[in-house]
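[1] build me a model from this:
(chains A and B)
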Amino acid sequence: MSGINRNQMAWRAAQDIEDGMIVNLGMGLPVLAGDYVPDGRDVFIHAENGVIGCGPLATPEAADTDLVDAGSRRITLRPGASIVDSTASFAMIRGGHIDVTVLGAFQVAANGDLANWDMRLPEKGPLVGGAMDLAACARAVWVIMEHTTRKGEPRLLQACTLPLTAVRCVTRIFTDLAVIDVIDAGFLVREIAPGITQEELQAKSGAPLHFAADCRTIAAPELAESV
Amino acid sequence: MPIDKRVAAAAAAMDGVRDGAVVLISGFGGAGFPNVLIRALCERGLRDLTLVVNSATHRYSVTHELIEAGQVRKVVCSAARGHAKGLSAFEERWKKGEIELECLPQGSFAEKIRAGGAGIPAFYTPVGFGTELAAGKETRRFGDRDYVLETAITGDLALIRADRADRYGNLAFRYAQANFGPAMATAARLSVAEVRIIEDAPLAQPDIQLAGAFIDRVVAVGDMP
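    Down below sits the predicted model:
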């Protein structure tokens, strides 16, 4: 059973980013989604270190050590960009001024609980960064993640088993197999990957799935997997 | 006497800093690390320092030199994970119980410092509620949401980096250099900035991003080492 690939997952999430939004993108697939925002949508990408209006990565010649994003990547600015200090940057996040944050995740529970910051790596120190601020306070919290772990264990669960990032925060999930909203009743499948049945999807999930009356097939273009 | 906050050398900028100091250190992602001042602090050979720094160690920062020299008792940060595969200088000592760690959500970290500099002893935030980072912290419900009480952070010394300064301590930052610097400068009893250049003339008012009133000493150190 194969779903859509990682670039297609990022592409699918990007289609839901609306014209005029201020978005914050987590590392990995969420950042990639920024590259797939449809032409004509004017979107500002916010980074926790205070950049509001991240542009494409800088070329080596243009790279500037003082112009970086939250992943320490040397970036450029888009027209109209501004830069504020950390307290103002987090006031944007914590005051509900970020329209949507797109984050990676290890697990999401049926009530919207999110676990995405601590995998309990035995030898490494904790790293929370801005994950809890974004998850608790962005106006919408979307997740891009594989539907199951590499071992095939479900990531959509009745209750998270890993340490929580925030409670009842996730509103939409993009996986390689489905697009799922989190509603009061639990997981509501809106779209399903080509060739996947509802029964197969349920078997790969650790909590009951509801299926929207108008549940559709995910329509993603062919994209080479780059990440 | 005319105000003049210029100090000739980084070593002199550390005058009066003692064992047990709480040291706030700015910087994020390679921008705004006060590496010259961190080295000058290290040279003093102090003990039992508490570092309030977003990343315990970072590949573009030199906080690991303080940690490796055994000068640090506690780290307050949002990122305690080393960049490399092996253990970082911090992780090694933290695992052995030689350094205490307080890990905070980055926005709470920033706001605790802002509160400290603004005379606010504590504040409520929804961030962290229901997570292990809020374990043991007081909570309270406002309306339909639960909040965690976070207390302010103040320090003995703030080390920050900016691009330009004048004799009054006014600062101008480049791009994302400011990050935690302005808040940290308000929250410490002694705030020191290293800058690329100290201008002879006062900075033009529109260029000033941090009022010199919050800065005690400035040192010109040239480009990032």
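[2] not counting sequence-adjacent ones, nearest residue to the spatially most central residue of chain B?
    Nearest to the mean C-alpha position of chain B, by C-alpha atoms, centre = their mean, lies B:Ile25 at 2.4 Å. With sequence-adjacent residues excluded and distances taken as C-beta to C-beta, 6 or more residues apart in numbering or on different chains, B:Ile25 is closest to B:Val53, at 4.2 Å. Bear in mind the C-beta positions are built from the backbone N, C-alpha and C, glycine included.
[3] got a list of what the one you found touches?
    Shown in contact with B:Val53 (C-beta atoms under 8 Å, 6 or more residues apart in numbering or on different chains): B:Leu24, B:Ile25, B:Gly27, B:Ser61, B:Thr63, B:Val75, B:Val76, B:Cys77.
[4] at 7 Å instead, please
    Applying C-beta atoms under 7 Å, 6 or more residues apart in numbering or on different chains to B:Val53 gives the contacts B:Ile25, B:Thr63, B:Val75, B:Cys77.
[5] now swap in B:Thr125 and tell me
    Here B:Thr125 is in contact with A:Arg94, B:Ser108, B:Glu111, B:Tyr147, B:Val148, B:Glu150 (C-beta under 7 Å, 6+ apart).
[6] starting at the chain centroid, how far to the helix or strand where B:Ala183 lies?
    According to DSSP states H and E, B:Ala183 maps onto helix B:181-187. Centre-to-centre, helix B:181-187 and its host chain are 8 Å apart (C-alpha atoms, centre = their mean, to the nearest Å).
[7] does anything pack onto it? Which helices or strands?
    Judged by 3 or more C-beta pairs under 7 Å, 6 or more residues apart in numbering or on different chains; DSSP states H and E, the packing partners of helix B:181-187 are helix B:106-117, strand B:155-165.
[8] about what we covered before: compare the contacts of B:Thr125 and tell me which is most surrounded.
    B:Glu111 (27 neighbours; other C-beta atoms under 10 Å in any protein chain shown).
[9] show the pLDDT at it.
    Looking at B:Glu111, its pLDDT stands at 98.
[10] now B:Pro225
    Note on B:Pro225: pLDDT of 63.
[11] what's the neighbour count on B:Asp156?
    Other residues within reach of B:Asp156, judged by other C-beta under 10 Å, total 17.
[12] what's the closest non-adjacent residue to it?
    B:Ala21 (4.2 Å).
[13] chain A contacts on chain B?
    Applying C-beta under 7 Å from any C-beta of the partner chain, we find that chain B lies next to chain A at B:28-31, B:56, B:78-81, B:87, B:90-91, B:94, B:103, B:105-107, B:110-111, B:114, B:125-133, B:174-183, B:224.
[14] sorry, back to before: and which of the contacts of B:Thr125 is nearest A:Gly129?
    Distances from A:Gly129 to the contacts of B:Thr125, taken as C-beta to C-beta, are shortest for B:Ser108 (11.5 Å).
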